[in-house]
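Peer 1: sequence first, predicted model second:
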Amino acid sequence: MSEDKFEPHQNPQIAVLGAGAWGTALACVLAHKHERVQLWAHETDTVTAINTHHENTLFLPGVPLPENIHATDRLADLADADIILMVVPAQFARPVLAELTTLNDKAALVLCAKGIERESLKLMSDVALDHINAARLAVLSGPSFAADVARGQPTAVTLACADAATGDWLATHIGAAHFRPYLSDDIIGAEIGGAIKNVLAIACGIVMGKGLGESARAAITARGFVEMSRLGAALGAQSETLNGLSGLGDLILTCGSDSSRNFSLGRALGEGADAASVLGARNSVSEGAMSAAAVSALAEKHGLDMPICRAVDNVVSGTRSVDEAILSLLARPFTRET
């Protein structure tokens, strides 16, 4: 891990690590501000499609990409970057980070994927801090669908960075008129909202797939936010962050639209599909399915009551059917709201 003091540059070279839908959308935002954007993809076919046809046909089809986005499958091509937006899914981030930091020990790293590492129960910032120092680290999270962002529709997000000057510098080089970062120093809060809302979106999708109605979805969303707040408080998050874009804002968006991979997964489960079959048929990661077990384990570790997240974990893991999980929630005793 490099301990060198981080020094921002006036004209930074910028790169995006991960060419799924969200990484590609972020590259679109950056391409309108920077002369060249490097976009690292794991799939050779994706690299070819972006460089040849200026379209990510696998993960973001139908959206034309700026020609100054250059895709690569070589991490070494990111060695000179001054800002790297990391959008590799949470469960695959550690080995990529380890390799990246041997190539580049100077860039500011902006974590853009949402999730909790299942084996260690670490947030992505904790995983990153095993490899870099805190002065180089930031988190970007908030209510944002990739297709909206890629097409230039208005979006607002949280950009959390422990160092205020670095946060201001990053906002200058990442933000745009239609992509508005609101600054925070609460990295944990920004991450907690992004990780848990994906689990809760599966729950809301199940509600709609079972035909339980909008009132039930509103109840799951509201009570789910209580669970998010409980875990956030236990881990040191600020309530203002959880009440903002990366917490409540992202929860509202993700729990109400089939454009959310996690919500659509939940809907399929509510309609009777098998979790393994649905996940196996998808090109992209439904991070809530991967993080549900970690969220439940963290709740147990801290002695927290998080029944909705636990029910999602049970359904995704196959230890309970959807109907059994719903009955377990409805059978809970009446209690006070706060």
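Peer 2: Received the coordinates, thanks. Numbers count the residues shown, from 1 in each chain.

Peer 1: pull stretch 193-201 out as CSV, backbone CA atoms only.
Peer 2: Provided in CSV are the C-alpha atoms of stretch 193-201 (Å, rounded to 0.1, in the frame of the first residue of the first chain):
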residue,chain,number,x,y,z
GLY,A,193,-27.0,3.0,1.3
GLY,A,194,-25.8,1.6,-2.0
ALA,A,195,-25.3,-1.9,-0.7
ILE,A,196,-28.5,-2.4,1.2
LYS,A,197,-30.9,-0.7,-1.2
ASN,A,198,-30.1,-3.5,-3.7
VAL,A,199,-31.2,-6.2,-1.2
LEU,A,200,-34.4,-4.2,-0.4
ALA,A,201,-35.1,-3.8,-4.1
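
Peer 1: centre of the chain to that stretch, how far?
Peer 2: Once both centres are worked out by C-alpha atoms, centre = their mean, to the nearest Å, stretch 193-201 turns out to sit 9 Å from its chain's centre.

Peer 1: could you give the average pLDDT over that stretch?
Peer 2: Averaged across stretch 193-201, the pLDDT comes to 94.

Peer 1: likewise stretch 297-317?
Peer 2: In this model, stretch 297-317 has an average pLDDT of 96.

Peer 1: now stretch 241-256
Peer 2: Regarding stretch 241-256, the rounded mean pLDDT is 96.

Peer 1: please renumber the chain so that the first residue is 269 from this point on.
Peer 2: I'll keep to 269 as the first residue from here, and by that count the last item is stretch 509-524.

Peer 1: quote the end-to-end distance of stretch 582-594.
Peer 2: Across its full length, stretch 582-594 reaches 11 Å end to end, with C-alpha to C-alpha, to the nearest Å as the criterion.

Peer 1: what about this structure, any weak spots by pLDDT?
Peer 2: By pLDDT under 70, the low-scoring segments of the chain are 269-275, 551-553.

Peer 1: most centrally placed residue in it?
Peer 2: Here the mean C-alpha position of the chain is nearest to the C-alpha of Lys382 (C-alpha atoms, centre = their mean), at a distance of 2.5 Å.

Peer 1: residues in contact with the nearest residue to Ser585 once chain neighbours are set aside?
Peer 2: With sequence-adjacent residues excluded and distances taken as C-beta to C-beta, 6 or more residues apart in numbering, Ser585 is closest to Ala561, at 6.6 Å. C-beta here means a position set from N, CA and C on the backbone, and glycine is covered the same way. The neighbourhood of Ala561, defined by C-beta atoms under 8 Å, 6 or more residues apart in numbering, consists of Arg386, Asp581, Val584, Ser585.

Peer 1: can you show me the strands along the stretch 419-568 of the chain?
Peer 2: When secondary structure is read from DSSP state E, counting those that start in this stretch, the stretch 419-568 of the chain shows strands at 423-429, 447-452.

Peer 1: tell me which of the ones you listed is the most buried.
Peer 2: Mean neighbour count (mean count of other C-beta atoms under 10 Å) peaks for strand 423-429 among those, with a mean of 24.

Peer 1: next, the angle from it to strand 447-452.
Peer 2: For strand 423-429 against strand 447-452, the angle by axes from the mean of the first three to the mean of the last three C-alpha atoms, to 10 degrees is 40 degrees.

Peer 1: contacts for strand 423-429, please.
Peer 2: Counting contacts by C-beta under 8 Å, 6+ apart, the residues outside strand 423-429 that touch it are 378, 405-412, 416-417, 435, 438-439, 442-443, 446-455, 457-459, 509, 512-514, 517.
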